[in-house]
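*Asks:* Prediction below, plus the sequence it came from.
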Amino acid sequence: MTTSFKAGGQLHTVKTAVRQISVAPGTVLKGMWNERVYRIERLLGRGANGVVYLVTMLAMEENRERSSGSFALKMGVDAVDFQSEINALRSLEHQRRTQDGRVGRHGARPFLVDIDDADVSGQRIPFYVMRYVPGVSLKAYIYKNGADWYGLVGGKLLARLNKVHQHGWVFGDLKAENVLVNDDGTVELVDYGGLTAMGNSVKQFTELYDRGYWHAGSRSADCGYDLFSFAVLTIQILGEKELRERLKASLPQTRDVKDLQELVRNHPRLRPFESWLTRALKGAFASSEEAYRQWQELSHRLYRTSKKPHRPTPLWLKWFFGVSVFLLVISIALAAWGFDLRR
Ligand SMILES: Nc1ncnc2c1ncn2[C@@H]1O[C@H](COP(=O)(O)OP(=O)(O)OP(=O)(O)O)[C@@H](O)[C@H]1O
């Protein structure tokens, strides 16, 4: 759960109202001010601040509706709740247009497409439209494909964070749900509500991944803040059960980064990453560029010395193997009973 600068009671009211938002697939929404039209395709996710749907933008051409692309549309209860996310996306969009100079090319899709209100069952609902990121959460990806893939995917996530840092930002609210991984292993970040300019104070974060919560440093936005969250994320993905047990056994006031370091040291899946994780937890990397390079070196070394990440065996191959073994056993049995198989 994300903690933000809202007062506790107010946050609770927002969450309850957000839970009640539900729009059926096929519903067509029209923005009240910009008059763009969207068809709801399916629910993508639900958070504390809003509900996100996959939508198709519809354009009218010769009195007929024509689809003009897929996007993610986030609805909430109060436009103020979206303000920090919208500001962040606006800044990223501005940067994309001015610095990258690649508008319109593949891979340079807009961060922010529209901001408006819509009438949903007689209620005015604020929404904004952003680029759609295909994929599943990092946790779901590793659960499906196996922990061996973490070295590769973790490297791609660090490369993304490095890019954010190079543009003068800190992501701020890094957590498993905000990292989406595509089938081909492409990693993208979603929910820019925690994006903070370097040097300012991070205001939207999730306690578990927060450096301040572990008494390991301030909430001042520097690249070490995101690298710390990345280290906790790694511990959570590779040692979830042990981390949960540790959290249950300690009080938030007494939580200490040493608990995390000890967990890493004693966990068979985390120990190979110990040197890197210890540096990230201590804030000892000079830059995320250095952190990325060291992660790549380490995971290549681990990849070469351990077994290669396996791809799941296709079902047909398992059946083929099973049937072959069965036929072999039958043949041996028949031969043993004196049947001449050549007759
Ligand atoms: N652009 C996007 N493309 C695809 N899926 C998205 C996109 N944005 C959000 N989602 C999905 O919707 C979920 C909720 O969105 P988001 O994290 O923005 O909500 P939130 O209310 O800010 O959540 P939190 O409780 O973490 O603050 C995400 O975890 C993700 O699965």
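*Replies:* On my side now, so go ahead.
*Asks:* Give me the pLDDT for the residue in the stretch 201-343 of the chain that the ligand sits nearest to.
*Replies:* Among all residues of the stretch 201-343 of the chain, T206 sits closest to the ligand, at 6.7 Å; criterion: Cβ to the nearest ligand atom. For every residue, glycine as well, the C-beta is placed using N, CA and C. T206 carries a pLDDT score of 95 in this model.
*Asks:* got it, and the one 5 residues further on?
*Replies:* pLDDT, R211: 97.
*Asks:* Please report how far it lies from G172.
*Replies:* 11 Å (Cβ to Cβ, to the nearest Å).
*Asks:* Common neighbours of those two, please.
*Replies:* Jointly contacting R211 and G172 under the rule Cβ atoms under 8 Å, 6 or more residues apart in numbering are Y225.
*Asks:* Please identify which of these two sits among more neighbours.
*Replies:* Comparing R211 with G172 by other Cβ atoms under 10 Å, the one with more neighbours is G172, at 30 against 25.
*Asks:* Phi, psi for the more buried one please.
*Replies:* Dihedral pair for G172: phi 90, psi -50, per degrees, to the nearest 10.
*Asks:* So it is in contact with A221, correct?
*Replies:* Yes - applying Cβ atoms under 8 Å as the test, G172 and A221 come out as touching, 6.8 Å apart.
*Asks:* what touches both of those two?
*Replies:* Taking Cβ under 8 Å, 6+ apart as the criterion, G172 and A221 both touch T196, V202.
*Asks:* S220 and A197 touch, don't they?
*Replies:* No - if you go by Cβ under 8 Å, S220 and A197 don't touch, sitting 11.1 Å apart.
*Asks:* out of these two, which sits in the more crowded spot?
*Replies:* The neighbour comparison of S220 against A197 (other Cβ under 10 Å) goes to S220, with 16 against 12.
*Asks:* Now do the same contact list for the nearest residue to the more buried one once chain neighbours are set aside.
*Replies:* Computed as Cβ to Cβ, 6 or more residues apart in numbering, the closest residue to S220 that is not its neighbour in sequence is S201, at 6.0 Å. S201 makes contact with R219, S220, A221, according to Cβ under 8 Å, 6+ apart.
*Asks:* Contacts only, for the first one.
*Replies:* Contacts for R219 (Cβ under 8 Å, 6+ apart) come out as S201, V202, F205, D210, R211, G212, Y225.
*Asks:* Make JSON lines out of those residues and add distance to A72 and secondary structure.
*Replies:* Listed next are the contacts of R219 as JSON lines, based on distance: Cβ to Cβ, whole Å; DSSP: H, G, I helix; E, B strand; the rest coil:
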{"residue": "S201", "distance to A72": "28", "secondary structure": "strand"}
{"residue": "V202", "distance to A72": "24", "secondary structure": "coil"}
{"residue": "F205", "distance to A72": "22", "secondary structure": "strand"}
{"residue": "D210", "distance to A72": "26", "secondary structure": "coil"}
{"residue": "R211", "distance to A72": "29", "secondary structure": "coil"}
{"residue": "G212", "distance to A72": "30", "secondary structure": "coil"}
{"residue": "Y225", "distance to A72": "26", "secondary structure": "helix"}
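*Asks:* coming back round to it: show the pLDDT at the residue nearest to S220.
*Replies:* Here the pLDDT value assigned to S201 is 97.
*Asks:* any idea how far L92 is from it?
*Replies:* Distance, S201 to L92, using Cβ to Cβ: 20 Å.
*Asks:* One more: L73?
*Replies:* Taking Cβ to Cβ, one finds L73 at 18 Å from L92.
*Asks:* Same question for P134.
*Replies:* 19 Å.
*Asks:* who's more crowded, these two?
*Replies:* Higher neighbour count among P134 and L92: L92, with 19 against 15, using other Cβ under 10 Å.
*Asks:* And what about the more buried one, helix, strand or coil?
*Replies:* Following DSSP: H, G, I helix; E, B strand; the rest coil, L92 is assigned to helix.
*Asks:* Kindly report the same for the one 5 residues further on.
*Replies:* Taking three-state DSSP as the rule, one finds R97 in the helix state.
*Asks:* quick revisit: can you select the buried ones among the contacts of R219 for me in ChimeraX?
*Replies:* For the buried members of the contacts of R219, the matching ChimeraX selection, counting by 16 or more other Cβ atoms under 10 Å, is:
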select :202,205,210,211,225
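*Asks:* Pick out whichever of the contacts of R219 sits closest to Q253.
*Replies:* G212 (12.5 Å; Cβ to Cβ).
*Asks:* elements contacting the helix or strand where L29 lies?
*Replies:* Element membership for L29, per DSSP states H and E: strand 28-30. Using 3 or more Cβ pairs under 8 Å, 6 or more residues apart in numbering; DSSP states H and E as the contact test, the elements touching strand 28-30 are strand 37-46, strand 112-120.
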